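> Dropping the sequence and predicted coords here.
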Amino acid sequence: DGTKQNAVPGIVSWYQQNVGASIANGDIHFFDDRADNVQPFASTGYNARQISCSSRDSKYGNAIGLCGAEVSEIVPDAGV
């Protein structure tokens, strides 16, 4: 956790090499239920958003979402 942003260049490279897709940093969107996975994206040029905010697991200090995302949480908003 906290390093998922480091995987993005390799994923983008794979798509470029294997399917010829060129994906701009601003077109990359990451969704996660943990704030500590979203915040490291702030300085990358990628977009990231915390999801599952309305249902949290109190056993883990509300750090983890219970349901995954709601459809309404998957939006193409820019930024972190």
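Happy to help now that I have it.
> From here on, just use CA atoms for contacts and neighbour counts.
OK.
> how about Tyr15, secondary structure?
Following DSSP: H, G, I helix; E, B strand; the rest coil, we place Tyr15 in the helix state.
> In this structure it contacts Ala21, no?
Yes: counting by Cα atoms under 8 Å, Ala21 is a contact partner of Tyr15 at 5.5 Å.
> where exactly do the strands run in this protein?
29-32, 47-50 (DSSP state E).
> so of those, which one's packed in deepest?
Of the strands of the chain, the one with the most neighbours on average (mean count of other Cα atoms under 10 Å) is strand 47-50, at a mean of 22.
> what's that one in contact with?
Identification of contacts with strand 47-50 by Cα atoms under 8 Å, 6 or more residues apart in numbering yields 26-35, 38-39, 41-42, 77-80.
> what's the weakest-modelled helix or strand in this structure?
In the chain, no helix or strand scores lower on mean pLDDT, DSSP states H and E than helix 35-38, which sits at a mean of 90.
> Report the distance from that helix to the chain centre.
Centre-to-centre, helix 35-38 and its host chain are 8 Å apart (Cα atoms, centre = their mean, to the nearest Å).
> which helices and strands sit right next to it?
strand 29-32, strand 47-50 (3 or more Cα pairs under 8 Å, 6 or more residues apart in numbering; DSSP states H and E).
> neighbours around Asp33, how many?
21 (other Cα atoms under 10 Å).
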